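Peer 1: please work out how this folds:
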Amino acid sequence: MALSYENVQKALYLKEQAVKKQEYIYEKALEQAKCDNPRISEIDRLLAQIGTSLLGYAMSGNSEALNNCQKESEALSKEKEELLKAAGVTEKTVFCKVCGDTGYVSGRLCECVKVVARELALKELSDSMPIDNVGFDSFSLHYYPDDVQPKMERILNFCKDYAKNFSKGSQNLLFMGKCGLGKTHLSLSIVKELTKKSVNVVYGPAQTLFAAAEKEHFSYSGDNEKTAEILDAELLVIDDLGTEFMTNYVQSLFYDIVNSRLLRGLPTIINTNLSFEELEARYTPRITSRLIGEYNVKSFAGSDIRILKKIEQK
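Peer 2: Numbering: from 1, shown residues only. Below you'll find the predicted structure:
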């Protein structure tokens, strides 16, 4: 699964900065050691001279002189190493021995970069939503009435399997039900798990996503970065569908998102408090027919959990 280009570039930049910082620390320590002990600089000059001699002896075929030079070079290198060690100068730290801190292995991103990119993606989610407090483990069934618990347990297990086995061919999901029944919690739990797997997820309330795309569309910049991000995400999660300010452009945009992603086989999860009747009244028939016909509908039931939690805390 792909990580976002932006987070990969940030991860590579952070690695580059860490390496540069390490090199700076090493060079400053080396400079101080040479200042305190001139012998280190003298050894460097001798090693440079020997290097020139080694090349000459190798080209002339003088094996005896070549061997003597090599031994002298090894002895000087060992002396320098001991002097630096005594001065507290250690070798530059290599953060990743797999890629040697280049960020790539055989032309592919190293896992060390992917780890940082995933952490950046999770931080982005944490900054924009309360993702730290959600997860499948924190989804409690005891807030649901006894007759509803079996149904909600099936939905919970379905969502766990969805996150575990996610692929480009995964189903589109339509989470329906009143406020506070766990739609956002479970969709965010899916997002959290998939982000750990480097899946490129775009999540946001309908109002936020649509408003950003609309603003971009009517700006003079000519950019369509936000719209492309929504259309191209490996998983798109639209929360609170029905709360957005409706305009002709938003109506058209929503259809394009649904239709385009269906045609390309890109999964989408939509959460809404609206009933089927309310969806049909708010959106065009061609939109609602696709939602009802192409999405796996999960109907949430019970009482508003947020209210129940507040009552518990009193």
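Peer 1: D146 and D304, how far apart?
Peer 2: Taking Cβ to Cβ, to the nearest Å as the measure, D146 falls 17 Å from D304. Where you see a C-beta, it was placed from the backbone N, CA and C, and this is true even at glycine.
Peer 1: more neighbours: the two, which one.
Peer 2: Neighbours per residue, other Cβ atoms under 10 Å: of D146 and D304, the larger number sits with D304, 13 against 7.
Peer 1: dump the helix or strand containing N271 to CSV, keeping only the CA atoms.
Peer 2: N271 belongs to strand 268-272 when assigned by DSSP states H and E. Extracted C-alpha coordinates of strand 268-272, given in CSV (Å, rounded to 0.1, in the frame of the first residue of the first chain):
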residue,chain,number,x,y,z
THR,A,268,-15.1,4.5,0.4
ILE,A,269,-16.6,4.6,3.8
ILE,A,270,-19.5,7.0,4.4
ASN,A,271,-21.0,7.8,7.8
THR,A,272,-24.4,9.5,8.0
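Peer 1: and the next helix or strand after it, how far out from the chain's middle?
Peer 2: Per DSSP H and E, strand 268-272 leads on to helix 276-282 as the next helix or strand towards the C-terminus. Offset of helix 276-282 from its chain centre (Cα atoms, centre = their mean, to the nearest Å): 36 Å.
Peer 1: what's helix 276-282 packed up against?
Peer 2: Contacts defined by 3 or more Cβ pairs under 8 Å, 6 or more residues apart in numbering; DSSP states H and E place helix 276-282 against helix 285-294.
Peer 1: residue contacts, N273?
Peer 2: 176-179, 240, 242 (Cβ atoms under 8 Å, 6 or more residues apart in numbering).
Peer 1: how far away is it from T90?
Peer 2: Distance from N273 to T90, by Cβ to Cβ: 60 Å.
Peer 1: which element is R39 on?
Peer 2: helix 38-60.
Peer 1: let me fix that: K168
Peer 2: Following DSSP H and E, one finds K168 outside all helices and strands.
Peer 1: spatially nearest residue to it, not counting backbone neighbours?
Peer 2: G265 (5.7 Å; Cβ to Cβ, 6 or more residues apart in numbering).
Peer 1: near that neighbour, how many other residues are there?
Peer 2: For G265, using other Cβ under 10 Å, the count is 11.
Peer 1: torsion angles phi and psi at it?
Peer 2: phi 70, psi 30 (degrees, to the nearest 10).
Peer 1: these two touch, right, it and S170?
Peer 2: No. The pair G265 and S170 fails to qualify as a contact (Cβ atoms under 8 Å) at a distance of 9.2 Å.
Peer 1: pLDDT weak spots in the stretch 51-200 of the chain?
Peer 2: Scanning the stretch 51-200 of the chain with the threshold set as pLDDT under 70 gives 125-132.
Peer 1: again, only this time at 80
Peer 2: 54, 56-58, 60-62, 65, 91-92, 121-133 (pLDDT under 80).
Peer 1: what ranges does it have for its strands?
Peer 2: Secondary structure of the stretch 51-200 of the chain (DSSP state E, counting those that start in this stretch): strands at 104-105, 108-109, 172-176.
Peer 1: so which elements touch the first one?
Peer 2: Contacting strand 104-105 under the criterion 3+ Cβ pairs under 8 Å, 6+ apart is no other helix or strand.
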